[in-house]
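[1] Okay, predicted coordinates and the sequence, questions at the end:
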Amino acid sequence: MKSISKIILLALFILPYTLFAQNELDALRYSQSYWFGTSRSMAMGNAFGALGGDLTAIAINPAGLGVYRSGEVGMSLGLGFVNTDGKYNLTGSELTDNEYLFKLNNIGVAISVMDDDDSNDWKGGAFAITYNKLNNFGRNMVAEGTNNSSSMLDHFMYNADGNVADNMYDNVGLMREALAFDRWLISDVTQADGSVLYNNPIWLDGSYGQSQRKTYDQIGSMGEFTFAFATNYAHKVYLGASLGVQNAFFDERTTYSEFDEVDSIYDFNSFNMQEHLTTNGIGVNFKFGAIFRPVNFIRIGAAFYTPTVYRLTDEYEVEMDSHFDLPDDDGNMDYPNGSDYWLPEVLTTKYTVTTPFKALGSLAVIVGTMGIVSFDYEFVDYKTMRMRADDIDFFDTNEFIQENFAATHNFKLGAEVIVAEGFSLRGGYNMNTSPLASANGRIDRSRSMVSGGFGIKSESVYFDASFARSVYGETSYFYNLPNDVAAPVPGADFTTQQNMVSFTFGIKF
């Protein structure tokens with residue numbers, strides 16, 4: 001019987017290749033936020049932890065709400081272009097795909113209740129309700145190359161070994177293997193000792209050399225509704241707190257294909273597998289912040305975010321079709337989507353993700369009537385991510401997170417120059433370091449953003465515009481193989497450039 005070693009390499013920091021199973025990638029996806037908010041905040045790299053007076057700054061540090069001395073209502077819209085380059089890791093071939101986005105980045109209202117009595121150091125407070133986009137998941141990706149040493153059919157074959165074929169249809173963990181068996185992509189052979197092993201046409205032929213292609217179509221986003229209150233002590237100390245209600249939606253459709261382009265494999269022509277994963281969820285957190293103004297031109301800020309506790313629901317579907325060169329006994333060469341046996345049309349799973357806590361330190365310098373320079377430092381410990389469910393044991397996943405993820409140190413820098421009365425130019429940069437403890441040969445998952453923009457304002461109306469370009473990378477493996485199989489695992493390194501133009505219109509009252 002083939003010896004199947006324990007797969008030590010799980011889906012480490014990669015796009016999912018395993019069957020619908022919730023893993024550390026889900027925890028990471030909903031733990032990272034990048035603030036697609038007001039145009040002013042984006043233009044200045046979101047370095048607003050010590051500034052306040054902005055409808056996104058309220059969500060970054062709720063103490064910034066205390067800076068308001070009047071009311072404000074505003075809305076920000078974003079238009080994005082996302083370009084992703086995919087490099088197949090076995091041959092180095094590259095392909096590019098893209099996606100357009102149109103998003104509501106921010107909407108909100110702040111109401112100030114000021115006390116102008118000079119004898120009272122407490123100057124009143126302010127209330128706000130805002131919505132800010134935290135992350136955009138929309139993108140299209142593709143990778144393709146030739147594999148001379150393995151196939152996903154090998155992955156199905158090794159996973160199915162030891163299982164009676166009919167029993168696989170009752171095991172959702174072998175859903176894809178059951179479909180592969182039903183489409184004649186793997187076949188069972190009962191051994192003399194009664195055990196069951198499997199083979200596949202490419203493995204039997206032994207020549208490999210088939211083309212492999214995987215396409216990804218992802219949509220979705222994360223956002224946060226913030227309900228905040230802040231107070232102002234002597235225009236020196238600002239204290240704030242907020243309740244955040246986050247919403248997440250992620251939809252991914254992937255198509256994985258293998259095809260014998262040069263007709264070198266006996267009887268095998270091609271197969272395709274379509275997978276569809278949809279995730280919806282709601283999360284809740286609290287934030288507490290303070291801003292201190294020791295002198296008129298310096299502001300020092302600090303904020304703490306509790307973990308966000310997400311309740312998520314996954315829905316997963318999979319289909320498979322196969323095509324051969326030679327007909328079977330009934331004259332069939334093609335086996336379309338579907339199955340002759342029972343399989344769940346949609347597999348639904350409910351689980352909880354707890355994101356890391358975050359700590360923020362900020363410094364801003366007000367350069368007279370010339371402008372502002374601001375800096376934020378953010379600490380996020382991804383080792384503290386956790387996953388839980390009533391009917392799923394996440395012990396191994398949580399242990400894996402603790403051992404293989406790391407704390408990140410994120411930096412944001414922003415500047416605003418007042419060019420003329422009512423007109424400002426802005427620029428910003430931020431760097432989010434990689435959440436991985438070690439890259440292990442994978443592409444670096446750090447993320448950087450360069451931004452700029454301008455603002456026009458009168459006494460009661462303002463208009464802001466910004467452009468932000470962020471770049472990040474990740475590695476995706478198509479499938480895994482047992483440790484005793486001497487074949488490299490195919491996959492792709494993806495580099496994504498996300499370009500966002502944002503416009504904000506607001507009214508002061």
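    Okay, I see it.

[2] The residue of the chain most remote from its centre in helix, strand or coil?
    Relative to the centre of the chain, and counting by C-alpha atoms, centre = their mean, the farthest-placed residue is S119 at 50.5 Å. S119 falls in the coil class when you classify it by DSSP: H, G, I helix; E, B strand; the rest coil.

[3] ok, now which ones touch it?
    Taking C-beta atoms under 8 Å, 6 or more residues apart in numbering as the criterion, S119 is in contact with no other residue. Yep, even glycine has a C-beta here, placed from its N, CA and C like the rest.

[4] Distance of it relative to A230?
    Relative to A230, S119 is positioned 22 Å away (criterion: C-beta to C-beta, to the nearest Å).

[5] show me where the stretch 51-200 of the chain has strands.
    Assigned by DSSP state E, counting those that start in this stretch, the strands in the stretch 51-200 of the chain fall at 72-88, 94-114, 122-136, 139-147, 187-190, 196-199.

[6] Could you give the separation of the fifth one from the chain centroid?
    Okay, so that is strand 187-190. Using C-alpha atoms, centre = their mean, to the nearest Å, the mean C-alpha position of strand 187-190 is found 40 Å from that of the whole chain.

[7] Give me the buried positions along that strand.
    The neighbour-count check on strand 187-190 (16 or more other C-beta atoms under 10 Å) flags 187-188 as buried.

[8] and that strand, what other elements does it pack with?
    Of the remaining helices and strands, those touching strand 187-190 by 3 or more C-beta pairs under 8 Å, 6 or more residues apart in numbering; DSSP states H and E are strand 196-199.

[9] and after the strand it packs on, which helix or strand comes next?
    helix 201-205 (DSSP states H and E).

[10] Just the mean pLDDT for that following helix, thanks.
    The average pLDDT for helix 201-205 rounds to 95.

[11] Contact partners for the closest residue to D115 other than its chain neighbours?
    The shortest distance from D115 to any non-neighbouring residue, by C-beta to C-beta, 6 or more residues apart in numbering, is to G124 (4.1 Å). With C-beta under 8 Å, 6+ apart as the criterion, the residues that contact G124 are 112-115, 231-232.

[12] what do you get for M385?
    Contacts of M385 were listed using C-beta under 8 Å, 6+ apart, and they are 24, 27-28, 31, 353-356, 401, 405.

[13] rewinding a little: tell me the buried residues within the contacts of G124.
    The buried subset of the contacts of G124 (16+ other C-beta under 10 Å) comprises 112, 231-232.

[14] For V67, give me its contacts.
    The contact partners of V67, taken as C-beta under 8 Å, 6+ apart, are 51-53, 232, 238, 291.

[15] For the stretch 301-450 of the chain, just list every one of the strands.
    Counting by DSSP E, counting those that start in this stretch, one finds strands in the stretch 301-450 of the chain at the ranges 309-324, 334-335, 347-354, 358-367, 371-381, 386-388, 407-420, 423-432, 447-457.

[16] would you list those in TSV and tack on distance to G78, mean pLDDT and mean neighbour count?
    Putting these into TSV (distance: least, C-beta to C-beta, whole Å; pLDDT from 0 to 100; neighbours: other C-beta atoms under 10 Å) gives the following:
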stretch	distance to G78	mean pLDDT	mean neighbour count
strand 309-324	24	96	19
strand 334-335	45	93	16
strand 347-354	26	95	18
strand 358-367	23	97	18
strand 371-381	21	98	19
strand 386-388	31	97	18
strand 407-420	18	97	17
strand 423-432	16	97	19
strand 447-457	12	97	19
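
[17] any chance of the ones you listed in CSV, with distance to I282 too?
    Listed next are the strands of the stretch 301-450 of the chain as CSV, based on distance: least, C-beta to C-beta, whole Å:
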stretch, distance to I282
strand 309-324, 6
strand 334-335, 41
strand 347-354, 11
strand 358-367, 19
strand 371-381, 21
strand 386-388, 16
strand 407-420, 25
strand 423-432, 24
strand 447-457, 25
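
[18] Tell me which of those approaches G86 most closely.
    Nearest to G86 among those is strand 447-457; the distance by C-beta to C-beta comes to 17.6 Å.

[19] Let me know the angle separating the closest one from strand 423-432.
    When axes from the mean of the first three to the mean of the last three C-alpha atoms, to 10 degrees is applied, the directions of strand 447-457 and strand 423-432 differ by 160 degrees.

[20] quick one: buried residues of whichever helix or strand comes after strand 447-457?
    Beyond strand 447-457 on the C-terminal side, the first helix or strand identified by DSSP H and E is strand 461-477. Burial within strand 461-477, assessed by neighbour count using 16+ other C-beta under 10 Å, is assigned to 462, 464-466, 468, 470, 472-477.
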